[in-house]
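Mind folding the following:
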Amino acid sequence: MITGFVTLAVVVVLAMFVVGIYNRLVTLRNHFRNAYSQIDVQLKRRYDLIPNLVESAKAYMSHERGTLEAVIQARNQAAAANQAAAANPGNAQAMQGLMGAEAALTGSVGKLFALMENYPDLKANQSIAQLMEELTSTENRIAFARQAFNDSVMGYNTAREVFPNVIIANTFGFQPATLFEITNVAEREGVKVKF
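Here you go, the predicted model:
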């Protein structure tokens, strides 16, 4: 009878231990998903600003149509990649697709900014200046949100990989999450806005 109680107590303690680890992993996974939703908000804000900037610049840069269209195409591809990543921020392929699309968007916007330097009237336009300021502010917000996301992912991945959590994580299908990293060295420098 005593061995039955001891066995039952050991089973209950082990079950509580497994439930505790499982709940902690779920909590950490939800934290990084929430952190991604903050990136999502800022990316959508940027995706909304870019067409306005392009439309405002069209009047001054009518013969730069190829660059303007490239910016819009890169914006659309980044928005689609963001939707895939937002659906499952833990999916490595979705995050890789987003990072690639964001690098392409940053490159095309950088080219647009470089071309804008050649148009003094465009630089003097008040609505362009305001859009550029909003875009710069949004880029800063994205950087902060990305840092918070990466911190959350690192906490989740660390908790997932330590022993004995790794056993529970693998048993219940907790996959590693991917950091939102800047892979393009030019993108690390950020967009230079000068007027």
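
use CA for all of it now, contacts and neighbours both
Noted.

Which residue, neighbours along the chain excluded, lies closest to the residue nearest in space to the middle of the chain?
When Cα atoms, centre = their mean is applied to the chain, the residue found nearest the centroid is Ile39 (5.0 Å). Nearest residue to Ile39, sequence neighbours excluded (Cα to Cα, 6 or more residues apart in numbering): Ala145, at 5.2 Å.

just Gly90 next, same as before
Closest to Gly90 by Cα to Cα, 6+ apart is Ala177, at 4.5 Å.

Quick one: residues contacting the one you found.
89-92, 153, 156-157 (Cα atoms under 8 Å, 6 or more residues apart in numbering).

Find the residue ranges of the chain scoring beneath the pLDDT cut-off.
183-195 (pLDDT under 70).

Can you give the distance from the longest helix that the chain contains to the centre of its chain?
The longest helix of the chain (DSSP state H) is helix 2-58. Taking Cα atoms, centre = their mean, to the nearest Å, one finds the center of helix 2-58 at 14 Å from the center of the full chain.

Render the CA-only coordinates of the next helix or strand after it in CSV, please.
Later in the chain than helix 2-58, the nearest helix or strand by DSSP states H and E is helix 65-87. Below are the C-alpha coordinates for helix 65-87, written out as CSV (Å, rounded to 0.1, in the frame of the first residue of the first chain):
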residue,chain,number,x,y,z
ARG,A,65,9.0,54.9,-64.1
GLY,A,66,11.1,51.7,-63.9
THR,A,67,12.4,52.6,-60.4
LEU,A,68,9.0,53.6,-59.2
GLU,A,69,7.4,50.4,-60.5
ALA,A,70,10.2,48.3,-58.9
VAL,A,71,9.5,49.9,-55.5
ILE,A,72,5.8,49.1,-55.7
GLN,A,73,6.6,45.5,-56.9
ALA,A,74,9.0,45.0,-54.0
ARG,A,75,6.5,46.4,-51.6
ASN,A,76,3.8,44.0,-52.8
GLN,A,77,6.2,41.0,-52.5
ALA,A,78,7.2,42.1,-49.0
ALA,A,79,3.6,42.5,-48.0
ALA,A,80,2.7,39.0,-49.3
ALA,A,81,5.8,37.5,-47.5
ASN,A,82,4.7,39.3,-44.3
GLN,A,83,1.3,37.8,-44.5
ALA,A,84,2.9,34.3,-44.7
ALA,A,85,5.2,35.1,-41.8
ALA,A,86,2.4,36.6,-39.7
ALA,A,87,0.3,33.4,-40.1
